[in-house]
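Chemist: I would like to see how this sequence folds:
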Amino acid sequence: MTRITRRIPARLPWALLVVPALAGVPAGILWWLLAPGGLNLITRDPTLATGGNPAVWLPRDLTLAGLMLFAGCLLAVFLAGKKRSNPQAALVLALAGALVGNVVAWQSGILSARLWGPAVDSSANASIAFSLRALPVLLLWPAATAVSVFVLELLALLNKKPGSDSVPSFPGEPGHGRAAGRGTQNAP
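Modeler: The predicted structure follows:
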């Protein structure tokens with residue numbers, strides 16, 4: 001009698017999609033707290049406190065860019081630090097979560113400015129209000145995650161010794177060196 005076996009597919013790591021997406025909310029609030037034109041906790045310079053000064057626009061975008069680079073590197077450490085049953089699916093879900101988290105951070109930062117910031121007349125220019133002028137910043141979290149995972153996996157591969165999968169990690173274990181196959185004999 002033939003026995004039919006079914007392969008049970010590994011569960012997808014949905015947490016790698018949901019957690020980065022939800023992490024976008026505090027990242028967006030942190031963007032508004034730190035960025036010039038927001039609460040401006042980094043510089044506390046009164047000339048950079050409002051969006052009416054065009055010198056504020058680039059540092060405001062760079063603040064979000066720096067937060068997204070940090071978030072991407074942090075997510076890559078979590079991805080590369082654990083062996084998974086389906087690493088490709090984990091990476092794709094993490095990159096999708098990073099993209100969603102980046103958009104959520106952008107929108108939650110703008111919402112924070114509308115809720116807790118002063119009222120701003122942006123009729124002269126839309127960038128006077130707390131906003132993001134450089135939309136490619138929205139690709140930094142997934143890009144930083146992908147590049148960081150590549151670098152971390154490459155470093156792990158380069159640090160691995162050839163044939164280390166079959167060799168025990170401790171010299172005293174059987175199967176290592178000259179004492180291999182001879183029991184627990186002490187070799188000089």
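Chemist: Which positions in the longest helix along the chain come out as buried?
Modeler: Identified as the longest helix of the chain according to DSSP state H is helix 87-116. Neighbour counts over helix 87-116 (16 or more other Cβ atoms under 10 Å) mark 89-91, 93-95, 97-102, 104-106, 108-110, 112-113 as buried. From N, CA and C alone the C-beta is placed, and that goes for glycine too.
Chemist: Quick check: which helices or strands does that helix pack against?
Modeler: helix 15-34, helix 57-80, helix 140-159 (3 or more Cβ pairs under 8 Å, 6 or more residues apart in numbering; DSSP states H and E).
Chemist: The longest one vs helix 87-116, what angle?
Modeler: When you say that, I think you mean helix 57-80. Helix 57-80 and helix 87-116 meet at an angle of 150 degrees, taking axes from the mean of the first three to the mean of the last three Cα atoms, to 10 degrees as the criterion.
Chemist: For helix 57-80, output the C-alpha coordinates as PDB.
Modeler: In PDB, the C-alpha atoms belonging to helix 57-80 read as follows (Å, rounded to 0.1, in the frame of the first residue of the first chain):
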ATOM      1  CA  TRP A  57      12.800  71.900   4.100                       C
ATOM      2  CA  LEU A  58      16.000  69.900   3.400                       C
ATOM      3  CA  PRO A  59      16.800  69.100   7.100                       C
ATOM      4  CA  ARG A  60      13.200  68.200   7.600                       C
ATOM      5  CA  ASP A  61      13.400  65.600   4.900                       C
ATOM      6  CA  LEU A  62      16.900  64.400   6.000                       C
ATOM      7  CA  THR A  63      15.500  63.800   9.500                       C
ATOM      8  CA  LEU A  64      13.000  61.400   8.200                       C
ATOM      9  CA  ALA A  65      15.700  59.800   6.000                       C
ATOM     10  CA  GLY A  66      18.000  59.300   8.900                       C
ATOM     11  CA  LEU A  67      15.200  57.700  11.000                       C
ATOM     12  CA  MET A  68      14.300  55.400   8.000                       C
ATOM     13  CA  LEU A  69      17.900  54.300   7.600                       C
ATOM     14  CA  PHE A  70      18.200  53.500  11.300                       C
ATOM     15  CA  ALA A  71      14.900  51.500  11.100                       C
ATOM     16  CA  GLY A  72      16.100  49.600   8.000                       C
ATOM     17  CA  CYS A  73      19.400  48.600   9.700                       C
ATOM     18  CA  LEU A  74      17.500  47.600  12.800                       C
ATOM     19  CA  LEU A  75      15.100  45.400  10.800                       C
ATOM     20  CA  ALA A  76      18.000  43.800   8.900                       C
ATOM     21  CA  VAL A  77      19.700  42.800  12.200                       C
ATOM     22  CA  PHE A  78      16.500  41.000  13.200                       C
ATOM     23  CA  LEU A  79      16.300  39.300   9.800                       C
ATOM     24  CA  ALA A  80      19.900  38.200   9.500                       C
END
